[in-house]
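*Asks:* Quick one, what's the 3D model for this:
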Amino acid sequence: MKLKYLIVPIFALAACGSLQAQTSDATPSSSPSYEGHWRHHDHWVWNKLNLTDAQKQQIQTIRENNRKNPAFRTALATYLQAKKKVQDDINATQAATSEDSAALGAAEAQLAVLRTQQQNEIKGILSGDQVQTWNEFQAKRDARIQNRITKLTQPGS
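*Replies:* Prediction:
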């Protein structure tokens, strides 16, 4: 009986270890990262939209232009610096200052404005059915967020 409690975890670890995907491609996209995680979700959304090759190319161009946009790069750098400052405050076991927190909020707001502009450009490329699918996806995301908010605000949760 006790042997079962020892063998099952060993087999579970062995199975999980063999499930890790390995690639011989040394490109930056093959390395795990936060950014890569969200790219994965983007591809899921784009696949659901059944984009034409022309639409895919236009979206890729919009996204590349956004990444190269000095305003976006500056806003992202400012956001990351502010986020690092708040994290440094937390790591130093002191409360983040209100100035640091406000700077983080302002930087995040600026990024949101730039993302909204990019999203509007992309929506301009989509057909009516694709926009409807996009909006349905966003409604589902909003419902998941609201569900989480509800769970967090319920007493005793």
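*Asks:* who's in contact with residue 104?
*Replies:* For residue 104, the contact set (CB atoms under 8 Å, 6 or more residues apart in numbering) comprises 79, 82-83, 85-86. Using the backbone N, CA and C atoms, a C-beta is placed for each residue, glycine as well.
*Asks:* Would you report the backbone torsion angles of residue 122?
*Replies:* phi -70, psi -40 (degrees, to the nearest 10).
*Asks:* By mean pLDDT, point me to the weakest helix or strand of the chain.
*Replies:* Lowest by mean pLDDT, DSSP states H and E among the helices and strands of the chain is helix 2-18, with a mean of 47.
*Asks:* Filter the contacts of residue 104 down to the buried ones and express that as a PyMOL selection.
*Replies:* Buried subset of these, written as a PyMOL selection, criterion 16 or more other CB atoms under 10 Å:
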select buried, resi 79+82+85+86
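*Asks:* Looking at the contacts of residue 104, which one is closest to residue 112?
*Replies:* residue 79 (10.0 Å; CB to CB).
*Asks:* Low-confidence regions, the chain specifically.
*Replies:* 1-44, 93-96, 157 (pLDDT under 70).
*Asks:* Mind jotting down where the helices sit in it?
*Replies:* 2-18, 34-48, 53-68, 70-91, 98-125, 128-153 (DSSP state H).
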